[in-house]
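give me a model of this one.
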Amino acid sequence: MRTALKLLIAGGLLITVSCKRDPSQPGREYMPNMYRVASYKTYEPNPNFKDSLGARPIVHGTVPRGYFVYDAPNTPEAYEASLKITEFPERYKTISEKDFEEGKRQFNIYCAVCHGEKGDGNGVLVEKGKFAGVPSYSSASRPGLTPMSIYHVITHGKGVMGSHAAQVLPHDRWKVVHYVLHLRKELDNNN
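Numbers count the residues shown, from 1 in each chain. Below you'll find the model as predicted:
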């Protein structure tokens, strides 16, 4: 019992003494290079590389995490290839209700004037006679429509429709695609 009491008192003293060090003194560092690494400024010479540049060039093909790269050209062959891709990219398979509403909002701004609010091809410009032959999104009118083909058309345009790449950001295009497919289901259910 006495040994345990002595150990307890010694441990308490050790803790008390170790907590009362001078805060202006750094104490002991056993591996200071682990705490303070010699760093190089971005645009200063760096002897670790052959070209001595601190700022490294971006590796070819690098994209931000989660960014979808669509580099298909604006050709009929690329459109035909997009018709064969029936799945969404992994990141865009599902969207939130907020994103769905954003897709609806952008569709109503950029697409509904020709395609109609219901996606039936009877938009304001069609009714006024400015354009003719705007397709409906229904399966009967457009049997081969896929998420990637919709994305391709938004990006590059098709026929009389021009590209909307300058108006709709790439990640917002997928929201519009989800909304177009929703309209397609509604049109198919009503027919």
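
and the next element down the chain from the lowest-mean-pLDDT helix or strand in the chain?
None of the helices or strands of the chain scores lower by mean pLDDT, DSSP states H and E than helix 32-35, at a mean of 72. The element immediately downstream of helix 32-35 (helix or strand, assigned by DSSP states H and E) is helix 76-83.

now that following helix: how far from the chain's centre is it?
When distances are taken as C-alpha atoms, centre = their mean, to the nearest Å, helix 76-83 is centred 23 Å away from the chain's centroid.

the least confident helix or strand of the chain: which residues count as buried?
Buried residues in helix 32-35, counted by 16 or more other C-beta atoms under 10 Å: none are found. Any C-beta I mention is one placed from the backbone N, CA and C, and that applies to glycine too.

when you give positions from now on, start the count at 830
Fine by me, first position is 830 from now on; the one you just mentioned is helix 861-864.

how about the helices in the chain?
831-848, 861-864, 905-912, 926-939, 941-944, 953-956, 976-985, 999-1019 (DSSP state H).

contacts for the fourth one, please.
This means helix 926-939. Around helix 926-939, the neighbours that count as contacts under C-beta atoms under 8 Å, 6 or more residues apart in numbering are 924, 946, 993, 996-997, 1001, 1003-1009, 1011-1012.

how about that helix as CSV, C-alpha atoms only?
Included here for helix 926-939 are C-alpha records, laid out as CSV according to Å, rounded to 0.1, in the frame of the first residue of the first chain:
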residue,chain,number,x,y,z
GLU,A,926,-34.8,18.5,-54.9
LYS,A,927,-33.0,21.9,-54.9
ASP,A,928,-30.9,20.9,-57.9
PHE,A,929,-34.1,19.6,-59.7
GLU,A,930,-35.8,23.0,-59.1
GLU,A,931,-32.7,24.7,-60.5
GLY,A,932,-32.9,22.5,-63.6
LYS,A,933,-36.5,23.4,-64.0
ARG,A,934,-35.7,27.1,-63.6
GLN,A,935,-33.0,27.0,-66.2
PHE,A,936,-35.2,24.9,-68.5
ASN,A,937,-37.9,27.6,-68.3
ILE,A,938,-35.4,30.3,-69.1
TYR,A,939,-33.5,28.8,-72.0
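
what's the end-to-end length of stretch 941-951?
Stretch 941-951 has its terminal residues 8 Å apart, counting by C-alpha to C-alpha, to the nearest Å.

thanks again, I'm all set now.
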